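K.L.:
fold the following, please.
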Amino acid sequence: MMDYRRIVSILALTLCMSATADIVTVIDAVETSAANVNVPTSLNGRLTFKPCAEACDAEFISVRLTPVTQFVVRGQQVNFADFRRAFYKVPRNRIYYALVSYDTENRTVTSVHLGE
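P.N.:
Now for the predicted structure:
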């Protein structure tokens, strides 16, 4: 009987402690218009973007690219040079999106997707 009470008490305490834990966003993914993105000239540069689907007055978010950043164009993984080339070939009269995923703690980009 004593073991049963002890187990129930430990379970209740564990559930209470986990219920009060803070939820922290580790990776944030922002879908934006490709027109709201500025791609740097080198892989070690900073990518800036506005978190809006269309033209807006929001502040730019600045995040750093790294050698492990993944670049995807229309579902195909590419290197940085090919991504940059494809990005600047996007027709300005068509709507393209960019999905930027980045680590919120150290503000480094994990992946950038470009598509229609």
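K.L.:
which residues does the residue nearest the centre of the chain bridge with?
P.N.:
Central residue of the chain (C-alpha atoms, centre = their mean): residue 101, 1.6 Å from the mean position. Per DSSP bridges, the residues bridged to residue 101 are residue 29, residue 111.
K.L.:
my read: it touches residue 107, true?
P.N.:
No. Counting by C-beta atoms under 8 Å, residue 101 sits too far from residue 107 to count as a contact (12.0 Å). For the C-beta atoms, the positions are set from N, CA and C on the backbone; glycine is no exception.
K.L.:
list the residues that contact the residue nearest to the centre of the chain.
P.N.:
27-30, 109-112 (C-beta atoms under 8 Å, 6 or more residues apart in numbering).
K.L.:
could you do residue 77 as well?
P.N.:
70-71.
K.L.:
just the one 4 residues further on next, same as before
P.N.:
Contacts here follow C-beta under 8 Å, 6+ apart; on that basis residue 81 touches nothing.
K.L.:
surely it is within a helix?
P.N.:
Yes. Assessed with DSSP: H, G, I helix; E, B strand; the rest coil, residue 81 lies in a helix.
K.L.:
got a pLDDT number for it?
P.N.:
Looking at residue 81, its pLDDT is 97.
K.L.:
relative to residue 39, how far out is it?
P.N.:
11 Å (C-beta to C-beta, to the nearest Å).
K.L.:
relative to residue 110, how far out is the residue nearest to the centre of the chain?
P.N.:
Between residue 101 and residue 110 the distance is 5 Å, computed by C-beta to C-beta.
K.L.:
I appreciate the help and will end here.
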